[in-house]
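Colleague: 3D model of this:
(one chain, ligands or ions: 1)
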Amino acid sequence: MREKANKVTRRDFLRATTAGVLSAPWIVPASVFGVNSPSNRINVGCIGTGNMGKVDLHGLMHQDDTQIVAVCDVNRGSYGYKTATQFLGREPARKWVDRYYAGKKRSGIYKGSDVYNDFRELLARDDIDAVSVTTPDHWHAIPTIMAARSGKHIYCQKPLSLTIAEGRAMVEAVRRYGVVLQTGTQHRSKETMRFACELVRNGRIGQVKRVLTSLGRHGLRTDINTWQPTPVPDGFDYDLWLGPAPWAPHHKSRCFYTFRFSQDYSGGETTNTGAHMFDIVQWGLGTERTGPVEIEDLGSEFPETGLFDTVSRIHFRARYANDVELICTPGGIGGTARFEGTEGSVHADWSSLRTNPESLKDTVIGPNEIHLHKSSDHKRDFLDSIKSGRDPIAPVEVGHRSASVCHLANIAMKLKQKLHWDPDQECFINNDEANCLLSKPLRSPWHL
Ligand SMILES: NC(=O)c1ccc[n+]([C@@H]2O[C@H](COP(=O)([O-])OP(=O)(O)OC[C@H]3O[C@@H](n4cnc5c(N)ncnc54)[C@H](O)[C@@H]3O)[C@@H](O)[C@H]2O)c1
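Modeller: Presented below is the predicted three-dimensional model:
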């Protein structure tokens with residue numbers, strides 16, 4: 001239900017501040033944004049409640065100023081996700097939400113959240129301010145663009161897009177409709193990652209020469225070439241799961257979690273871990289709103305047959321306009337980036353930071369040096385952006401450019417060519433074959 005304050009509804013206010021329409025000396029009445037005021041609340045709908053959807057839902061639900069009012073998943077509820085014990089889908093999600101809010105009520109009873117199979121019904125509600133989009137990669141662009149069009153803020157999982165064309169359309173929609181989008185590249189909200197990037201940006205390792213990264217190997221059996229179609233389980237809307245992807249017979253390994261290793265739905269480990277790692281690389285290099293100018297395969301491998309057809313051995317090299325190289329080597333533990341400069345190096349991974357010389361770790365970034373956006377909680381940063389109207393730490397352009405590095409690499413590895421990329425025009429130079437891979441046809445009736 002809409003609440004009125006000074007004839008401006010809470011949602012109008014959220015929208016107007018984001019779009020920069022209301023600015024000082026607008027005085028915010030306590031009834032609108034008082035810490036404990038009900039009108040301070042951001043109503044959230046969660047789209048996709050699988051493996052990561054559970055994490056996103058809880059991360060948003062446990063904030064003081066949010067209320068999860070709706071959950072949506074094309075799966076009613078089942079096992080068969082990343083681990084054998086996970087029971088996920090929309091009904092389990094509804095239970096987490098109801099249980100959480102019941103615990104906060106004196107009566108211990110809460111039955112307030114709504115459940116949807118079709119995200120379009122959730123997006124049609126005008127009491128929802130923000131959505132999380134935690135669906136497989138082939139289902140990021142359409143819900144995001146539709147959410148933006150209906151004035152909803154978006155927390156969209158990484159990789160932002162399935163293709164570079166989708167990412168560009170998402171950027172345009174978010175900016176056009178003046179909403180906030182936070183990309184789910186949460187490693188930016190880690191102190192060590194930010195500090196690593198600040199060291200590099202402030203010249204502590206001298207002139208940067210190259211960045212070495214490793215994404216690891218997915219380790220999945222790629223020989224599922226003997227797989228047979230299986231009946232669609234009861235309660236699973238498989239046609240809507242496929243959505244804009246080409247029609248294909250059902251098999252459980254096609255869908256939950258392992259969708260990431262089929263090119264119709266994702267880009268393999270290049271986009272899975274790469275969306276995080278190249279995000280940090282571009283943050284450190286200061287290229288987060290542009291991209292490399294050249295990218296080439298260095299001997300990658302793809303499975304010859306089977307359900308999982310994404311690259312199994314990732315090996316490529318990219319070059320930026322200032323001649324800094326990004327090299328992604330196969331193997332390794334995955335999720336590492338090592339910035340090498342003329343005077344030292346900085347090595348960052350998910351949990352640690354190493355520097356050479358070691359004393360770099362004790363460096364203090366001075367007040368007149370480059371300080372990057374500070375966030376220690378990616379979801380909090382998203383919600384604060386909705387209220388303040390400033391960009392979040394991983395805005396749509398940045399999410400798009402980080403995903404673009406992954407997509408460019410996959411295209412170069414697929415074509416086994418050295419490709420020349422124009423990051424301003426977002427097209428390959430004199431290469432029609434590569435340009436054809438910037439988008440994918442969408443199955444009717446879906447379109448961007
Ligand atoms: N930021 C991170 O660290 C991180 C970690 C894991 C996954 N992710 C991202 O999260 C996304 C989901 O990955 P996952 O591991 O949770 O996959 P998953 O298969 O476990 O869950 C996806 C869920 O989305 C549902 N779904 C599919 N199409 C839908 C639609 N049209 N509407 C509503 N629900 C739909 C599925 O039924 C499933 O329950 C991926 O893009 C992945 O890259 C990010």
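Colleague: partner residues bridging S78?
Modeller: S78 has the following beta-bridge partners by DSSP bridges: L88.
Colleague: Tell me who's in contact with it.
Modeller: 87-89, 233, 235-236 (C-beta atoms under 8 Å, 6 or more residues apart in numbering). Where C-beta positions appear, they are placed from N, C-alpha and C, glycine not excepted.
Colleague: ok, now with 7 Å
Modeller: 87, 89, 233, 235-236 (C-beta atoms under 7 Å, 6 or more residues apart in numbering).
Colleague: for K418, same thing?
Modeller: Shown in contact with K418 (C-beta under 7 Å, 6+ apart): 294, 296.
Colleague: what's around the residue of the chain found nearest the ligand, how many residues?
Modeller: Relative to the ligand, the nearest point of the chain is G50 (2.0 Å; C-beta to the nearest ligand atom). For G50, the neighbour count with other C-beta atoms under 10 Å is 25.
Colleague: Tell me how far it lies from Q157.
Modeller: 11 Å (C-beta to C-beta, to the nearest Å).
Colleague: just R194 next, same as before
Modeller: The gap separating R194 from Q157 is 21 Å, by C-beta to C-beta.
Colleague: now do K54
Modeller: Separation of K54 from Q157 (C-beta to C-beta): 12 Å.
Colleague: of these two, who's got more company?
Modeller: Q157 (25 against 19).
Colleague: surely the more buried one meets V133?
Modeller: Yes: taking C-beta atoms under 7 Å as the definition, Q157 is a contact partner of V133 at 6.3 Å.
Colleague: Please parse the protein into its domains.
Modeller: For the chain, automatic domain parsing gives the domain ranges 4-187, 190-372+396-438.
Colleague: Just put the ones you listed in a markdown table and tack on mean pLDDT.
Modeller: Rendered in a markdown table, the data for those read as follows (pLDDT from 0 to 100):
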| stretch | mean pLDDT |
| --- | --- |
| domain 4-187 | 85 |
| domain 190-372+396-438 | 94 |
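Colleague: Make TSV from those domains and add distance to S385 to it.
Modeller: TSV is the format used below for the domains of the chain (distance: least, C-beta to C-beta, whole Å):
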stretch	distance to S385
domain 4-187	5
domain 190-372+396-438	11
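Colleague: Ok, which of the ones you listed comes nearest L383?
Modeller: With C-beta to C-beta, the closest approach to L383 among these belongs to domain 4-187: 5.9 Å.
Colleague: Get me the contact residues on the stretch 151-300 of the chain for the ligand.
Modeller: Counting by C-beta under 6 Å from any ligand atom, the residues of the stretch 151-300 of the chain lying close to the ligand are 157-158, 184, 186, 240-241, 243, 256-257, 259, 272.
Colleague: need the strands for the stretch 1-150 of the chain, in chain order.
Modeller: Counting by DSSP state E, counting those that start in this stretch, the stretch 1-150 of the chain has strands at residues 4-5, 8-9, 42-47, 66-72, 114-116, 130-133.
Colleague: What of the stretch 301-448 of the chain?
Modeller: Under the criterion DSSP E, counting those that start in this stretch, the stretch 301-448 of the chain carries strands at the ranges 316-319, 325-329, 336-341, 344-349, 353-356, 418-422, 427-428.
Colleague: Tabulate those strands in a markdown table, adding columns for distance to the ligand.
Modeller: Supplementary listing: the strands of the stretch 301-448 of the chain in a markdown table, determined by distance: least, C-beta to the nearest ligand atom, whole Å:
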| stretch | distance to the ligand |
| --- | --- |
| strand 316-319 | 20 |
| strand 325-329 | 18 |
| strand 336-341 | 16 |
| strand 344-349 | 14 |
| strand 353-356 | 19 |
| strand 418-422 | 23 |
| strand 427-428 | 25 |
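Colleague: What lies in contact with stretch 389-401?
Modeller: 17-18, 20, 158, 160-161, 167-168, 170-171, 174, 180-183, 185, 188-189, 282, 288-291, 373, 375, 381-382, 385.
Colleague: Output the residue ranges of the helices in the stretch 1-150 of the chain, listed in chain order.
Modeller: Ranges of helices within the stretch 1-150 of the chain are 10-18, 30-33, 51-61, 90-104, 119-123, 141-149, based on DSSP state H, counting those that start in this stretch.
Colleague: Can you spell out which helices and strands pack onto the third one?
Modeller: If you count contacts as 3 or more C-beta pairs under 7 Å, 6 or more residues apart in numbering; DSSP states H and E, helix 51-61 packs onto strand 42-47, strand 66-72, helix 90-104, strand 130-133.
Colleague: which helices and strands sit right next to the third one?
Modeller: For helix 90-104, the elements it packs on are helix 51-61, strand 66-72, judged by 3+ C-beta pairs under 7 Å, 6+ apart.
Colleague: With the shortest one instead?
Modeller: Applying 3+ C-beta pairs under 7 Å, 6+ apart, one finds that strand 130-133 contacts strand 42-47, helix 51-61, helix 141-149, strand 153-156.
Colleague: P357 is nearest to which of those?
Modeller: helix 51-61 (37.0 Å).
Colleague: How about stretch 93-113 and the ligand, any contact?
Modeller: No: using C-beta under 6 Å from any ligand atom, stretch 93-113 never reaches the ligand; the gap is at least 8.9 Å.
Colleague: Now that stretch: buried residues?
Modeller: For stretch 93-113, the neighbour count (16 or more other C-beta atoms under 10 Å) marks 93-94, 96-98, 100-101, 113 as buried.
Colleague: which pair in those residues spans the largest distance?
Modeller: A93 and Y101 (12.9 Å).
Colleague: Now do the helices in the stretch 151-300 of the chain.
Modeller: Counting by DSSP H, counting those that start in this stretch, the stretch 151-300 of the chain has these helices, from start to end: 164-176, 191-201, 238-242, 269-272, 274-285.
Colleague: which of those sits most buried?
Modeller: helix 274-285 (a mean of 27; mean count of other C-beta atoms under 10 Å).
Colleague: now the angle from that one to strand 336-341?
Modeller: Orientation check (axes from the mean of the first three to the mean of the last three C-alpha atoms, to 10 degrees): helix 274-285 against strand 336-341 gives 20 degrees.
Colleague: how much distance is there from helix 274-285 to the middle of the chain?
Modeller: 13 Å (C-alpha atoms, centre = their mean, to the nearest Å).
Colleague: and stretch 440-448, is it in reach of the ligand?
Modeller: No: Stretch 440-448 lies apart from the ligand when judged by C-beta under 6 Å from any ligand atom; the minimum separation is 9.9 Å.
Colleague: Right, I'll call it a day here.
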